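Novice: Got a sequence here, can you build the structure:
(one chain, ligands or ions: 1)
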Amino acid sequence: MEIINASKNIFRSPSEETLEKLMRDSFLASEELKNLSGERKADFLVAIGEEILALGDNLVNAAMNESGLPEGRIVGERGRTVGQLNLFADLIREGSWVDATIDTAIPDRQPLPKADLRKMLRPLGVVAVFGASNFPLAFSTAGGDTASALAGGNSVVMKAHEGHPETSDWVALAIQKAAERTGMPENAFTLVHGSGATVGQAIVKHPICKAVGFTGSEYAGRILFDLAAQRKEPIPVFAEMGSINPVLILPEALEENAEDWAKTYAGSITLGVGQFCTNPGLLLIKDGEKANLFAYNLAKAISDIAPAKMLNGKVKNGYDASLANALEQKGITVIGESSTKANNANIEGAPTVASVDARTFIANPELHKEVFGPYSLLVRYTGEDELLEAIEALSGQLTATVIGSEPSLEKYSQAIDALLARTGRIIFNGVPTGVEVCPSMHHGGPYPASTDSRFTSVGTDAIKRFARPVSYQSWPQSLLPDELKDENPLNIWRLVNNSLSTEKIN
Ligand SMILES: O=CCCC(=O)C(=O)O
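Specialist: Just a heads-up that it's a prediction; the model follows:
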């Protein structure tokens with residue numbers, strides 16, 4: 001703990017003056033970072049991962065104590081965090097992510113000459129990051145937002161999540177050690193503790209802050225988004241927020257394996273005590289005998305799953321209150337509950353599934369809201385028109401899933417199109433939980449799943465949130481960034497006069 005307290009890049013409820021200084025220091029760091037090579041920044045990211053692993057049990061124990069999550073989950077999440085850092089390191093070491101695009105001059109073009117134009121992505125400057133409580137490592141201090149912002153050549157001012165302060169300190173210490181080892185500017189990364197309403201908002205309002213990455217509730221994300229829009233200089237806020245992740249279960253899927261799907265879904269609904277933004281909170285199913293069989297099997301599987309400790313008292317109280325609100329709505333029937341009673345003193349969340357008919361669901365927006373915890377609502381529709389209406393009543397989602405057979409998809413194409421219009425990721429015959437960190441992942445979606453559906457917070461494209469295009473017109477070769485020079489010294493892929501190539505320009 002002494003080491004943590006001695007750390008130079010950690011601040012606790014800073015005064016206005018201290019905040020001013022740390023923002024300026026972060027800005028100076030960003031000025032250095034923006035001109036560093038991909039190689040140098042990649043070394044930094046890899047070193048952060050190594051230092052995180054070197055923390056060993058100190059980190060694992062802190063994260064377990066503060067989040068209530070079991071060891072296996074924390075160790076797995078640590079692996080995902082390190083893997084994510086290494087993935088961004090590979091991306092920037094290779095270098096083509098900057099989307100270099102070159103149109104060479106045509107001086108004798110008629111009626112007017114064409115100038116030489118060269119465009120690439122450049123860093124934004126200082127990025128504020130707000131971590132999530134439910135992933136204390138992979139979506140927190142050195143999580144995807146931090147990794148992608150640093151990879152893009154920005155400095156980061158991280159607002160530590162109040163749910164895991166010690167975990168955040170350990171990771172900040174690892175980042176500081178990695179920065180020292182790899183010769184990064186001292187204030188490339190800064191961790192700030194304090195309340196979201198004061199410290200967090202002060203960071204977003206500060207003129208030095210140029211973008212925000214956030215994962216959490218729609219309520220908090222929206223506050224930051226509005227605040228950023230009201231600034232004299234508005235800045236982008238990339239907030240990943242609420243989602244109920246609808247699952248359309250087609251009747252054909254239940255012909256043979258209703259029991260298997262019910263078991264699989266009981267597992268997904270209760271994974272991590274339901275505290276996943278990808279949690280399947282809504283199951284759409286055609287009313288009838290097969291739906292009854294699925295409901296029976298789901299209820300049976302849920303009854304076998306014991307309540308487990310939630311992240312903290314606030315999350316547990318939030319779950320209990322939103323669950324109570326959902327269950328007291330007209331027309332709702334509880335169809336399954338854990339057979340073990342939740343121990344409230346141990347802040348446990350009780351797995352629960354309920355059922356409602358589609359007409360009632362469509363008419364009541366309360367039922368479209370996220371219940372953050374191990375809960376899902378089975379909505380029974382009678383026909384395709386009603387199914388379409390139910391889907392059209394939904395707002396934006398991170399994911400949508402279709403369970404069925406390939407030939408049956410055509411019959412439901414309208415419903416599937418309606419899902420596609422509302423989601424950032426569509427899944428066939430699987431579960432929405434378990435986000436793969438890779439280039440083709442899109443983790444975002446129409447509002448309120450995220451504030452900008454064009455961008456992802458997971459996968460290599462997350463870097464694009466914290467970069468902006470700059471065109472250099474008729475700029476001297478010697479002063480161009482290496483990425484845009486004729487010689488192509490970094491050997492990256494570029495779009496040159498409309499052809500992709502790694503060749504130099506003669
Ligand atoms: O809680 C949000 C992220 C969910 C996730 O990463 C996963 O499902 O793996």
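Novice: since we're on residue 414, how many residues are nearby?
Specialist: Taking other CB atoms under 10 Å as the criterion, the count of residues near residue 414 is 13. (C-beta placed from N, C-alpha, C; glycine too.)
Novice: Check for me that it belongs to a strand.
Specialist: No: secondary structure of residue 414 (DSSP: H, G, I helix; E, B strand; the rest coil): helix, not part of a strand.
Novice: how about the residue in the stretch 51-200 of the chain that the ligand sits nearest to, secondary structure?
Specialist: Closest approach between the stretch 51-200 of the chain and the ligand, counting by CB to the nearest ligand atom: residue 134, at 5.1 Å. Assigned state for residue 134: coil (three-state reduction, three-state DSSP).
Novice: same deal with residue 87?
Specialist: Put simply, residue 87 is helix when judged by three-state DSSP.
Novice: Can you list the residue ranges for strands in the stretch 301-450 of the chain?
Specialist: With DSSP state E, counting those that start in this stretch as the criterion, the stretch 301-450 of the chain has strands at 308-309, 333-337, 348-349, 352-357, 375-381, 397-403, 423-428.
Novice: still on that earlier bit, so what's the closest residue to the residue of the stretch 51-200 of the chain closest to the ligand other than its chain neighbours up against?
Specialist: Nearest residue to residue 134 in three dimensions, chain neighbours excluded: residue 275, at 4.4 Å (CB to CB, 6 or more residues apart in numbering). For residue 275, the contacting residues are 134, 310-311, 315, 349, 372-373, by CB atoms under 8 Å, 6 or more residues apart in numbering.
Novice: Report all helices and strands that the helix or strand residue 257 falls within contacts.
Specialist: Following DSSP states H and E, one finds residue 257 within helix 254-270. If you count contacts as 3 or more CB pairs under 8 Å, 6 or more residues apart in numbering; DSSP states H and E, helix 254-270 packs onto helix 289-303, strand 375-381.
Novice: okay, the angle between it and strand 333-337?
Specialist: For helix 254-270 against strand 333-337, the angle by axes from the mean of the first three to the mean of the last three CA atoms, to 10 degrees is 80 degrees.
Novice: picking that back up, which one of the helices and strands packed on helix 254-270 is the most hemmed in?
Specialist: Among the helices and strands packed on helix 254-270, ranked by average contacts under mean count of other CB atoms under 10 Å, first place goes to strand 375-381 (a mean of 25).
Novice: and it, average pLDDT?
Specialist: Strand 375-381 comes out with an average pLDDT of 98.
Novice: Just the residues contacting that strand, thanks.
Specialist: Contacts for strand 375-381 (CB under 8 Å, 6+ apart): 265, 269, 274, 279-287, 291, 294-295, 298, 319, 323, 326, 332, 335, 351-358, 361, 367, 387, 390.
Novice: Can you get me a residue count around residue 65?
Specialist: There are 12 residues near residue 65, going by other CB under 10 Å.
Novice: ranking the strands of the stretch 301-450 of the chain by burial, who's on top?
Specialist: Note that of the strands of the stretch 301-450 of the chain, strand 397-403 is the most buried (mean count of other CB under 10 Å), with a mean of 27.
Novice: can you give me how far the helix holding residue 257 is from the chain middle?
Specialist: Mean C-alpha position of helix 254-270 versus that of the full chain (CA atoms, centre = their mean, to the nearest Å) differs by 26 Å.
Novice: What lies in contact with the helix or strand just after that helix?
Specialist: Using DSSP H and E, the helix or strand that follows helix 254-270 towards the C-terminus is strand 282-286. With contact meaning CB under 8 Å, 6+ apart, strand 282-286 is reached by 244-251, 265, 291, 294-295, 298, 358, 376-382, 387, 390-391, 394.
Novice: ok, so what distance separates the residue of the stretch 351-500 of the chain found nearest the ligand from residue 150?
Specialist: Proximity of the stretch 351-500 of the chain to the ligand (CB to the nearest ligand atom) peaks at residue 435, 3.7 Å away. Using CB to CB, to the nearest Å, we find residue 435 at a distance of 20 Å from residue 150.
Novice: And for residue 344?
Specialist: 41 Å.
Novice: just residue 462 next, same as before
Specialist: Counting by CB to CB - residue 462 and residue 150 are separated by 12 Å.
Novice: cool, and residue 227?
Specialist: 24 Å.
Novice: More neighbours: which of those two?
Specialist: Each of residue 227 and residue 150 has its neighbours counted (other CB under 10 Å); residue 150 has more, 31 against 17.
Novice: Contact partners for that one?
Specialist: So residue 150 contacts 33, 41, 44-45, 88, 156, 188-189 (CB under 8 Å, 6+ apart).
Novice: Repeat that for residue 170.
Specialist: 4, 55, 58-59, 62.
Novice: In space, what's closest to it - neighbours in sequence excluded?
Specialist: residue 59 (4.7 Å).
Novice: Next, the contact list for that neighbour, please.
Specialist: Taking CB under 8 Å, 6+ apart as the contact definition, residue 59 lies against 52, 78, 137, 167, 170-171, 174.
Novice: Stretch 233-248: which residues count as buried?
Specialist: By neighbour count with 16 or more other CB atoms under 10 Å, stretch 233-248 contains the buried residues 235-248.
Novice: Measure how buried residue 198 is and give me the count.
Specialist: 11.
Novice: need the contact list for it.
Specialist: By CB under 8 Å, 6+ apart, the contact set of residue 198 is residue 13.
Novice: remind me which residues of the chain are low pLDDT?
Specialist: Applying pLDDT under 70 to the chain flags the ranges 1-6.
Novice: My read is that residue 452 contacts residue 228, right?
Specialist: No: counting by CB atoms under 8 Å, residue 452 stays clear of residue 228, with 11.7 Å between them.
Novice: Looking at those two, which is more packed in?
Specialist: A side-by-side neighbour count of residue 452 and residue 228, using other CB under 10 Å, places residue 228 first with 22 against 16.
Novice: Return the residues of the stretch 151-300 of the chain in contact with the ligand.
Specialist: Residues of the stretch 151-300 of the chain lying near the ligand by CB under 6 Å from any ligand atom: 276-278.
Novice: Tell me the most packed of the contacts of residue 275, by neighbour count.
Specialist: Greatest neighbour count in the contacts of residue 275, by other CB under 10 Å, goes to residue 310: 30 neighbours.
Novice: In the chain, which residue sits closest to the ligand?
Specialist: For the chain, the residue closest to the ligand is residue 277, as judged by CB to the nearest ligand atom, at 3.3 Å.
Novice: In contact with that residue, which residues are there?
Specialist: Contacts of residue 277 by CB under 8 Å, 6+ apart are 132, 134, 215, 240-243, 398.
Novice: now do 6 Å
Specialist: Listed by CB atoms under 6 Å, 6 or more residues apart in numbering, the contact partners of residue 277 are residue 243.
Novice: In what element of secondary structure is residue 122 found?
Specialist: Residue-wise, residue 122 maps onto strand 117-123 under DSSP H and E.
Novice: Which secondary structure elements does that strand sit against?
Specialist: strand 101-103, strand 467-473 (3 or more CB pairs under 6 Å, 6 or more residues apart in numbering; DSSP states H and E).
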